[in-house]
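*Asks:* here is a sequence with its predicted model. Questions after.
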Amino acid sequence: MEIIALTALALIFGGLLGFTAIYFRVEGDPIVDSIDAILPQTQCGQCGYPGCKPYAEALAAEKAEINQCPPGGESGMKALAELLGREPIPLNLENNIADEGLPMLAIINEDTCIGCTKCVQVCPVDAIVGAAKQIHNVIDMYCTGCELCLPPLCPVENCIVMKPVEQTVKTWKWVNPQIRLEDTAA
Amino acid sequence: MSDSTDNNFTSSPFIPSSSSVGKMMRSVIYALIPGILLYIYFFGWGVLVNVCLAVVAALFFEWLMLVMCQRPVRVFLFDGSAIITAMLLALALPTIAPWWIPVVGSFFAIVVAKHLYGGLGYNVFNPAMAAYAVLLISFPLEMTLWSLPLDKLPQNISFVDALNFSFFRELPSNLNIDAITSASLLDHIRTEVGLGHSLADVQSSPVFGHVAAAEYEWINIAFLAGGLWLIYRKIITWHIPLAMLLSLFTISLICHLIDDNQFSSPLIHLFGGASIIGAFFIATDPITASTTALGRLIYGCGIGLLTFAIRTWGGYPDGVAFAVLLIGLTVPLLDHYTAPKVYGARKGYDKD
Amino acid sequence: MRKLWRFTGGIKLNGFKALSNNAINYDLPIPEKLILPVRQHIGDVTKPLVYVGDHVFKGQLLASSTSFISAPVHASSSGTIVDIGKYPIPHQSGISESCIVIETDGLDEWDPTISANIHPEKLTVEQLHALIKSAGIVGLGGAVFPSAAKLKPTRPIKTLIINGVECEPYITCDDVLMQSRSDEIIRGVMLLKKMLSPDECTIAIEDNKPNAKRALENALKKMYSAGVDETTNINVIAIPTIFPAGSEKQLIKVLTGKEVPQQGLPYEVGVVCLNVGTTAAVYDAVYQGQPLISRVVTVTGPEISQPQNYQVLLGTPVNHLLEASGGTKTDNYKLIMGGPMMGMRLPDSQVPIVKASNCILVESLAQKQNEKVMPCIRCGACTTVCPMKLLPQQLYWHAKSKNFEKLDHYNLSDCIECGCCALVCPSKIPLVHYFRYAKSEKSENEIKEKLADQSRIRSLARVERLEKIKREVEERKAKRKADRQKKKSIESKKEKVKGEAPTKNTESGERKEVEPKKVAIG
């Protein structure tokens, strides 16, 4: 009697599982979009991939590690670890310095610009305007601070540099109280 | 301005606050003292031995864990939380328990139930009650041998005798163990009801005092006074004690009126056993209790009802410890669903 | 007796009002330099209209407002403009903003175009609005919202509340103002009544200020007995002293029983609330034609030698006030602008007094140095005192872990940062600091997300554009190749056709001219 009951239960639950696996199957790979939403969209290429979307695809295909994005910083790496169920690992800082400090913008010195359009072509978000033999300029609003336009790409010395964004009362942040309380368990 | 350490980023308020964790804990200790003194008066030195052993052991284990977890020792060791846990645990133990019972209990309470869960403020279970539950289940014999009150003993037991008994299990020469032990009132009621006797017989037994367990009723009244003083000092709020005692009273009254041979009177439930101390000192432990006003009321009611259920139908004579532990599991749920509506809450307000 | 409601939470505090609540000191000497930030209000920055080297009169317009929510800035005294540049403003960060600096000439000459209005009661509501806007009047209770914008509600107003509550400890500027300028305040109230036409008007005072209440009641009685009957609907009401009863939202709850909706403004429940200082400024603007160039400031605290209230010209550096009050008792002090519960730490004493400065509190430094912060013991004291019915405990946990979703769920943005929760916390956790930190992290996060979204769109667009160019180039290449192929095949066909004709070289070597056959080409 028990054997029949257990077998029947097994068949019922197995059938239910199979049905839901087929009926509720999700098409496509939404994980790539979720990963891309975490990445900072600097499009700098420091991860070794030509942009954030390709890096997201590589992560989804398990071809890349989660610690290759310096602009995302520690928090970005941890968010990726949580999303993908992987162990958090220290950031790979070979390519560049992790940017947890003030945001930086590129700025072109108009006196020395020769109008070669090299930076215009390389900017991944089209933040530099200019044409051949005309002065180039960085649009502050769009610059992500990826540093791809800096020398050695720019052939002129000290023509394009990174400057920190000036803090205003609106962008000033309160310091984390935890930093102040390092001597207690709070 | 000479403030090199105090950086510019400190925030208001700039008024020093007068309350502190240490003050709160110390007030609770003071509120327990009248009850403990009456306990010693009625039942002898055993309880003091237990309290001292538990407190010393608790402080030792607390120090050990603080050092191992690399936390500031001075701040946490004397904030009073370990001492209160130890005192509450000791009060729950029989006065004639051997010395290793309070020590093992303290170990479990401080090391396992408190520090292994994250230390002060992070424990999920009330440490004293968790330790009591572990002791009760692991050492049922030692935990159910209760002493008779002093005036019913054949002779007086001095402090040295109590120490002797606790450490070496040696009684003064002309006493034997049966002469000093008896069941607690709730225990007695259980057995009697189980045997089919009516509760009226219970009232004539020597364990019964004026309204409830002999002598214990006075001790519970002392704890009640301490608890009311705590409410007056705003260390605890009235929600949990009132809810717990009222719900316990109500359900026992209803059941008692239905069948007073099977169900004890509400006064026995309130003044016998650990109801009062549970209501004012154990269930109100801020770390494990609910934090919203409505949540506290529900929490208190739940404990009262579950205590009654365990006492009447469960496997143990006193259900407060288990009730507190079990209802404590529902606290996150209670907190989530009883959050007050914010000032000016809009219906269907969409935050983007 | 008028019915009063109670708001949830709040705490009773020690007032320390007796230190400074006697009179206003009008004899503060004019400082050498006046530093006037171009933005002393909530809203858009003003545009300077003067240049370095200009001579300006007292009350002259220095910077004009640029939008509806903006307020102009005027010169507080006569002198010469010596600089327009970045100077530290009163903010705990020590950040500098654009300021106009006047070197005073000591003459304190009023702008000759400014004169009193002869018949202020004949002005229309529009004219009153224009006067208030051009006078640069903003909320002087501390929120500095441009009053002209506040006085144009889009809904009918039932209750006008004049806020004389002043619930923070130490501050007494509104108290002394009500005692010394009660007539002007009542006249100002009547002007406001004319602009808003409310059903009733209430002046609210905390019950620890009996002198102020009496002064205002006497002023009302005087007006009434002089035959002015618009005052019949104005009441002076004492409300129980509890912090933060002076906060606009809580005061509205106490007086009307209604709650201002989340993220909303008081006019949504038919209420407009203005500070008594603002009301006095309205009187000055309409009756005297004078713009807002000075305000009453309380200089007080345990570390200042002679605490008192001053009528201070806007732009006066704080150290000028400290010197006038006999200096600080020791060197171990900190400066707070505002009260001890909600005030802001000033990084140094060179910053100027602005429209928002109601009090300079000089507190001892030693106070909070040695307080150790313990873990949260979940006692719930913070929840009991929160006037906005929030759960500070939950906000604390989620602020620590920067969980913005949960912070939104628990309504972090509704926190008024009153400090009640941090005051009662037995573990001495700096709760308000955590909430401010969380709010600033959240707004930074929102900005970052916006930038990231924009960058994503732009980079995708760029990739598409480059691919499109590549495609077009390939297409063109392919087309050219196809054209070439076609040409080749036509040519070869042509060749073939020509070869069949006698133009081909025969073995005889003769070349005979033959009529070329007409072959269709193409």
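*Replies:* Nice, I can see it.
*Asks:* for chain A, which segments count as helices?
*Replies:* Using DSSP state H, the helices of chain A run over residues A:2-23, A:30-38, A:52-60, A:73-84, A:118-122, A:177-180.
*Asks:* ok, which of the ones you listed comes nearest A:Thr171?
*Replies:* Nearest to A:Thr171, of all the helices of chain A, is helix A:73-84, at 17.9 Å by CB to CB. C-beta: built from backbone N, CA, C; applies to glycine.
*Asks:* where does the chain have low pLDDT?
*Replies:* Using chain A here. Within chain A, the segments meeting pLDDT under 70 span A:27-29, A:92-101, A:179-186.
*Asks:* let me rephrase: I mean chain B.
*Replies:* Applying pLDDT under 70 to chain B flags residues B:1-9, B:173-176, B:179, B:183, B:198-214, B:347-352.
*Asks:* which residues does the residue lying closest to C:Gly139 once chain neighbours are set aside contact?
*Replies:* Spatially, and ignoring its direct neighbours in sequence, C:Gly139 is nearest to C:Phe145 (4.7 Å; CB to CB, 6 or more residues apart in numbering or on different chains). C:Phe145 sits next to C:41-43, C:69, C:138-139 when contact means CB atoms under 8 Å, 6 or more residues apart in numbering or on different chains.
*Asks:* most distant residue from the middle of chain A?
*Replies:* Distance from the C-alpha centroid of chain A, by CA atoms, centre = their mean, peaks at A:Met1 (59.9 Å).
*Asks:* gap between that one and A:Leu11?
*Replies:* 16 Å (CB to CB, to the nearest Å).
*Asks:* in CSV: the helices of chain A, plus mean neighbour count.
*Replies:* Putting these into CSV (neighbours: other CB atoms under 10 Å in any protein chain shown) gives the following:
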stretch, mean neighbour count
helix A:2-23, 9
helix A:30-38, 17
helix A:52-60, 21
helix A:73-84, 16
helix A:118-122, 17
helix A:177-180, 16
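*Asks:* right, and these - which one's nearest chain B?
*Replies:* With CB to the nearest CB as the criterion, chain B lies closest to helix A:177-180 of those, at 7.9 Å.
*Asks:* now do the host helix or strand of B:Ile137: everything it contacts.
*Replies:* Assigned by DSSP states H and E, B:Ile137 falls within helix B:127-138. Helix B:127-138 is contacted by residues B:84-86, B:88-89, B:92-93, B:101, B:104-106, B:108-110, B:112-114, B:143, B:282, B:316, B:320-322, B:324-325 when judged by CB under 8 Å, 6+ apart.
*Asks:* hmm, back to that, rebuild the helices of chain A as TSV, extending it with distance to chain B.
*Replies:* Formatted as TSV, these follow (distance: least, CB to the nearest CB, whole Å):
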stretch	distance to chain B
helix A:2-23	28
helix A:30-38	16
helix A:52-60	24
helix A:73-84	20
helix A:118-122	36
helix A:177-180	8
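*Asks:* which one of those lies closest to C:Ser492?
*Replies:* Using CB to CB, the nearest of the helices of chain A to C:Ser492 is helix A:118-122, at 42.5 Å.
*Asks:* which other helices and strands does that closest one contact?
*Replies:* strand A:128-129 (3 or more CB pairs under 8 Å, 6 or more residues apart in numbering or on different chains; DSSP states H and E).
*Asks:* secondary structure class for B:Ile240?
*Replies:* Assigned with DSSP: H, G, I helix; E, B strand; the rest coil, B:Ile240 falls in the helix class.
*Asks:* torsion angles phi and psi at the closest residue to it other than its chain neighbours?
*Replies:* Leaving out its chain neighbours, the residue that sits closest to B:Ile240 by CB to CB, 6+ apart is B:Gly300, at 4.2 Å. Main-chain torsions, B:Gly300, degrees, to the nearest 10: phi -60, psi -50.
*Asks:* can you tell me how far A:Ala127 sits from A:Leu105?
*Replies:* Applying CB to CB, the value for A:Ala127 to A:Leu105 is 9 Å.
*Asks:* and these two? which has more neighbours close in?
*Replies:* For A:Ala127 and A:Leu105, the more surrounded residue by other CB atoms under 10 Å in any protein chain shown is A:Ala127, and the numbers stand at 23 against 19.
*Asks:* what number of residues lie near the nearest residue to the more buried one once chain neighbours are set aside?
*Replies:* Excluding the flanking residues, the one nearest A:Ala127 by CB to CB, 6+ apart is A:Tyr142, at 3.7 Å. Residues lying near A:Tyr142 (other CB under 10 Å) number 17.
*Asks:* do C:Ala204 as well
*Replies:* Burial of C:Ala204 is recorded as 23 neighbouring residues (other CB under 10 Å).
*Asks:* also the one 3 residues further on?
*Replies:* Per other CB under 10 Å, the neighbour tally for C:Asp207 reads 13.
*Asks:* hmm, it is touching C:Thr241, no?
*Replies:* Yes. In this structure, C:Asp207 is within contact of C:Thr241 by CB atoms under 8 Å, at 5.5 Å.
*Asks:* quick one: C:Lys329 and C:Ser305 touch, right?
*Replies:* Yes. Taking contacts as CB under 8 Å, C:Lys329 lies within contact range of C:Ser305: 5.9 Å.
*Asks:* against chain C, how distant is the residue most central in space within chain A?
*Replies:* Geometric centre of chain A, nearest residue: A:Leu39, 2.8 Å, by CA atoms, centre = their mean. Per CB to the nearest CB, to the nearest Å, A:Leu39 is found 8 Å from chain C.
*Asks:* that residue - nearest residue in space that isn't next to it in sequence?
*Replies:* Leaving aside its sequence neighbours, A:Leu39 sits nearest to A:Cys52 (CB to CB, 6+ apart; 4.3 Å).
*Asks:* of C:Lys329 and C:Ser305, who's got more company?
*Replies:* C:Lys329 (14 against 11).
*Asks:* quick one, phi/psi of that one?
*Replies:* The phi and psi torsions at C:Lys329 (degrees, to the nearest 10) take the values phi -70, psi -40.
*Asks:* residue contacts, it?
*Replies:* Contacts for C:Lys329 (CB under 8 Å, 6+ apart) come out as C:302-305.
*Asks:* distance of B:Ile282 from chain C?
*Replies:* Counting by CB to the nearest CB, the separation of B:Ile282 from chain C is 15 Å.
*Asks:* what number of residues lie near that residue?
*Replies:* For B:Ile282, the neighbour count with other CB under 10 Å is 25.
*Asks:* equivalent analysis for A:Thr42, please.
*Replies:* When neighbours are counted by other CB under 10 Å, A:Thr42 registers 27.
*Asks:* surely it touches A:Cys52?
*Replies:* Yes. With contact defined as CB under 8 Å, A:Thr42 counts as touching A:Cys52 (7.3 Å).
*Asks:* mind listing what the residue most central in space within chain B touches?
*Replies:* Against the mean C-alpha coordinate of chain B, by CA atoms, centre = their mean, the closest residue is B:Ile282 at 4.0 Å. Taking CB under 8 Å, 6+ apart, we find B:Ile282 in contact with B:88, B:126, B:128-129, B:274, B:320-321, B:324.
*Asks:* same thing but at 6 Å, please
*Replies:* The contact partners of B:Ile282, by CB atoms under 6 Å, 6 or more residues apart in numbering or on different chains, come to B:Val324.
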